[in-house]
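Engineer: how does the following fold in three dimensions:
(one chain, ligands or ions: 2)
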Amino acid sequence: KRQESIRNFSIIAHIDHGKSTLADRILQHTDTVSDREMQDQLLDSMDLERERGITIKLNAVELTYNAKDGNEYIFHLIDTPGHVDFTYEVSRSLAACEGAVLVVDAAQGIEAQTLANVYLAVDNDLEILPVINKIDLPAADPERVRGEIEEVIGIDATDAVLASAKAGIGIEEILEQIVENVPAPDGDLEAPLKALIFDSVYDSYRGVVLNVRVMDGVVKPGDVIQLMQNGKEYEVTEVGIFSPKTIARDFLMVGDVGYITASIKNIQDTQVGDTVTLANNPASEPLKGYRKMNPMVYCGLYPIDTSKYTDLREALERLQLNDSALEFEAETSQALGFGFRCGFLGLLHMDVIQERLEREFNLDLITTAPSVIYHVNKTNGEKIIVDNPADFPEPSMIDNVEEPFVKAQIMVPNEYVGAVMEISQRKRGEFVTMDYLDEYRVNVVYNIPLSEIVFDFFDKLKSGTKGYASLDYELIGYRTSNLVKMDILLNAENVDALSFIVHKDFSYERGKAIVDKLKKLIPRQQFEVPIQAAIGTKIVARTDIKALRKNVLAKCYGGDISRKRKLLEKQKDGKKRMKQIGSVEVPQEAFMAVLKMD
Ligand code: GDP
Ligand code: MG
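Structural biologist: Ligands and ions are numbered 1, 2, ... in the order given. Now for the predicted structure:
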């Protein structure tokens, strides 16, 4: 029976432990992709993913494997991202699987997202198959890592495969374990169709392409499907699988992972996590959907060319289709004009969206510094929610302010514990616990304001631990903090897009640092420009950008042509991302300056 030969699994791991490389090897080993077509990290199809070497969107591939028992098996492999911001994508792919291959680097051992991903797999009742990867590395210590898996995760690792995805060692063994240990999908072929939408993409030619896992029943072209959340109906035009290119099929049945197209034009109609059923024989209840993910950081996105406002809106709508964690709404800034306030799961998510907007949609954007969501209790008893520092009320109207705190788990080799504690303390962290994972490695837990994490916590942590620290965090709630809004005045004009929220104790220090930083970033103008940092009406720091001499080239005293050209080039480069604010030209970097101080 076909259903018994199906195995649906994901590969989960901390970033860089080798998920994508292992996926590549599996595709090669099963001849899904010929050697000629093979390129590294084949499933990472977005340019951005290849360049950064990280997996952002999940991908599903069907492959056939001829097992040692003489039978042919159908595998659906769903690759997942490993970064903390994309936990949402991971949980989506896991809901479509029965098993998870857990890749752990033989030299690094268990890291923060190894654990976070394991918890998600356990939540989804998946069979977990541990694989110790990179055994080819000189620093590999597979036996230590085996012990860690047993102790920290609490699963039996006796049969953990020792592998090298790079060298192609252990691949066959992993495939055999999948056949043996990952359960075939249950579900009823005769029951009404129930298919889980775990992703969707817009194709200008075919409309919305739904990525589904069929839980019950069958679906084929010509069927009229119904989306259970809104009751809308569509006639199926095509069904098929990814291999990794799309291949049309006559039907998708219980256990299958593939796609459905049905000339769905309106991207808002399809919701990831929704259930697809048949209009003439509907399921009585939808599948358990997904938890809605709430954005944790917000920033403003503004087109440099104001006529691109509508393009930006369309681009955001397009990206939101397969990224329901992305939020946006229109906002206006006195300094930057019309744009959008956008919500993201974290900084990497924000970075990726920004870059995709610029690359895939050809937009030049000004982004403002990220902010978290503050709860402001006003003296008149009103409570307001503020995700934009510019909207912060005047100090005299504020009774108190609450900010989000996270519980941060930081895993490091024990020699760096001191450094981690120092950095965490400086970031207003409150020590919770510290546990030894094994002889060498420690899990340090702090409660820290999310805004400090958003600033430069991770960068500091990485540089303070020679790159060894890994971080995972979850929101634990709001707490009252002594926070103030810092305004920045350029040429005596308040620039709303430069305002930020800061703890009172750091306000003088940060005010000073930001004006110095802005002085370096904002090019000289024809006139002197004072830069001031203010809390309410009180100026806490000031510096001046000296006026430009009339002609930059005058400095060159004729002679050196190449030097002149360089200067001109430099001026041209500087023009790229400038926004005219009042009479001053401000570069993009200035809006991020608050993140890159000291
Ligand atoms: P992912 O972030 O988990 O998808 O990790 P990747 O598959 O992108 O791999 C991260 C890095 O580790 C890449 O430079 C790979 O070439 C390397 N890598 C993956 N597997 C192995 C392995 O078995 N041995 C060695 N030495 N390097 C590996
Ligand atoms: Mg990857």
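Engineer: strands of the stretch 151-300 of the chain, start to end?
Structural biologist: 161-162, 194-203, 207-216, 218-219, 224-227, 233-235, 238-242, 246-249, 252-253, 257-261, 275-278, 297-303 (DSSP state E, counting those that start in this stretch).
Engineer: ok, of those strands, where does mean pLDDT dip lowest?
Structural biologist: Taking the mean pLDDT of each of those, the lowest value is held by strand 194-203, a mean of 84.
Engineer: list the neighbouring strands of that strand plus their orientation.
Structural biologist: strand 207-216 (antiparallel), strand 275-278 (antiparallel) (DSSP bridges).
Engineer: from the chain's centroid, how far away is the longest one?
Structural biologist: What separates the centre of strand 207-216 from the centre of its chain is 23 Å, taken as CA atoms, centre = their mean, to the nearest Å.
Engineer: ok, stretch 18-34 next?
Structural biologist: With CA atoms, centre = their mean, you get 24 Å for stretch 18-34.
Engineer: please apply the same query to stretch 239-251.
Structural biologist: On CA atoms, centre = their mean, the centre of stretch 239-251 falls 28 Å from that of its chain.
Engineer: can you pull the buried residues of it?
Structural biologist: Going by neighbour count (16 or more other CB atoms under 10 Å), the buried part of stretch 239-251 is 239-244, 246, 249. (Glycine included, C-beta is placed from N, CA and C.)
Engineer: can you pick out the most distant pair from those?
Structural biologist: Within those, V239 and P244 form the most distant pair, 16.7 Å apart (CB to CB).
Engineer: show me the helices in the stretch 301-450 of the chain, by range?
Structural biologist: Assigned helices in the stretch 301-450 of the chain, in chain order: 309-321, 347-360, 417-426, 450-452 (criterion: DSSP state H, counting those that start in this stretch).
Engineer: can you list those helices in CSV and add mean pLDDT, mean neighbour count and distance to L137?
Structural biologist: Listed next are the helices of the stretch 301-450 of the chain as CSV, based on pLDDT from 0 to 100; neighbours: other CB atoms under 10 Å; distance: least, CB to CB, whole Å:
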stretch, mean pLDDT, mean neighbour count, distance to L137
helix 309-321, 90, 17, 37
helix 347-360, 84, 19, 26
helix 417-426, 95, 17, 25
helix 450-452, 90, 24, 34
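Engineer: helix, strand, or coil at the closest residue in space to I539 that isn't next to it in sequence?
Structural biologist: Nearest residue to I539, sequence neighbours excluded (CB to CB, 6 or more residues apart in numbering): Q532, at 5.1 Å. With DSSP: H, G, I helix; E, B strand; the rest coil as the basis, Q532 sits in strand.
Engineer: residues contacting Q532?
Structural biologist: 488-489, 492, 515, 539, 541-542 (CB atoms under 8 Å, 6 or more residues apart in numbering).
Engineer: quick one: buried residues of stretch 325-340?
Structural biologist: 325-328, 331, 333, 335-336, 339-340.
Engineer: where does pLDDT dip in the stretch 1-150 of the chain?
Structural biologist: Segments of the stretch 1-150 of the chain classed as low confidence (criterion: pLDDT under 70) are 32-59, 80-90, 92.
Engineer: let's see that with 90 instead.
Structural biologist: Within the stretch 1-150 of the chain, the segments meeting pLDDT under 90 span 1-2, 12-16, 19-21, 23-24, 27-61, 63, 78-96, 111-125.
Engineer: tabulate the helices of the stretch 301-450 of the chain (CSV), appending distance to ligand 1.
Structural biologist: As requested, those are arranged in CSV below (distance: least, CB to the nearest ligand atom, whole Å):
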stretch, distance to ligand 1
helix 309-321, 22
helix 347-360, 13
helix 417-426, 23
helix 450-452, 25
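Engineer: with distance to N380 added, can I get those helices in a markdown table?
Structural biologist: A markdown table is the format used below for the helices of the stretch 301-450 of the chain (distance: least, CB to CB, whole Å):
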| stretch | distance to N380 |
| --- | --- |
| helix 309-321 | 35 |
| helix 347-360 | 34 |
| helix 417-426 | 36 |
| helix 450-452 | 25 |
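Engineer: quick one: closest of the ones you listed to ligand 2.
Structural biologist: helix 347-360 (13.3 Å; CB to the ion).
Engineer: tell me what angle the closest one forms with strand 297-303.
Structural biologist: Between helix 347-360 and strand 297-303, the angle comes out at 20 degrees (axes from the mean of the first three to the mean of the last three CA atoms, to 10 degrees).
Engineer: off-centre distance for helix 347-360?
Structural biologist: That offset, for helix 347-360, works out to 10 Å (CA atoms, centre = their mean).
Engineer: what of stretch 389-401?
Structural biologist: Centroid displacement of stretch 389-401 relative to its chain, using CA atoms, centre = their mean, is 31 Å.
Engineer: show me the contacts for whichever residue of the stretch 401-550 of the chain sits closest to ligand 2.
Structural biologist: Residue of the stretch 401-550 of the chain nearest ligand 2, by CB to the ion: S470 (15.6 Å). Contact analysis of S470 by CB under 8 Å, 6+ apart lists 14, 111-113, 410-412.
Engineer: kindly report the same for N494.
Structural biologist: Taking CB under 8 Å, 6+ apart as the test, what N494 contacts is 487-488, 534.
Engineer: by neighbour count, which of those wins?
Structural biologist: Within the contacts of N494, most neighbours by other CB atoms under 10 Å means I488, with 25 neighbours.
Engineer: mind checking how far the closest residue to it other than its chain neighbours is from T306?
Structural biologist: Excluding its sequence neighbours, the residue lying closest to I488 (CB to CB, 6+ apart) is L498, at 3.9 Å. According to CB to CB, to the nearest Å, L498 stands 19 Å off from T306.
Engineer: check Y73 too.
Structural biologist: 56 Å.
Engineer: and N230, what does it touch?
Structural biologist: Contacts of N230 (CB under 8 Å, 6+ apart): 269, 271.
Engineer: looking at the stretch 401-550 of the chain, what residue ends up closest to ligand 1?
Structural biologist: Closest approach between the stretch 401-550 of the chain and ligand 1, counting by CB to the nearest ligand atom: S470, at 12.5 Å.
Engineer: okay, and the beta partners of that residue?
Structural biologist: The partner residues for S470, given DSSP bridges, come to M411.
Engineer: same thing with the one 4 residues further on?
Structural biologist: Beta-bridge partners recorded for E474 (DSSP bridges): K407.
Engineer: ok, how many other residues are close to it?
Structural biologist: E474 has 11 nearby residues by other CB under 10 Å.
Engineer: what separation is there between S470 and A325?
Structural biologist: In terms of CB to CB, S470 sits 22 Å off from A325.
Engineer: with S481 instead?
Structural biologist: In terms of CB to CB, S481 sits 26 Å off from A325.
Engineer: looking at the strands paired with strand 194-203, which is closest to ligand 2?
Structural biologist: Of the strands paired with strand 194-203, the one closest to ligand 2 (CB to the ion) turns out to be strand 207-216, at 18.3 Å.
Engineer: how much does the closest one deviate in direction from helix 309-321?
Structural biologist: 10 degrees.
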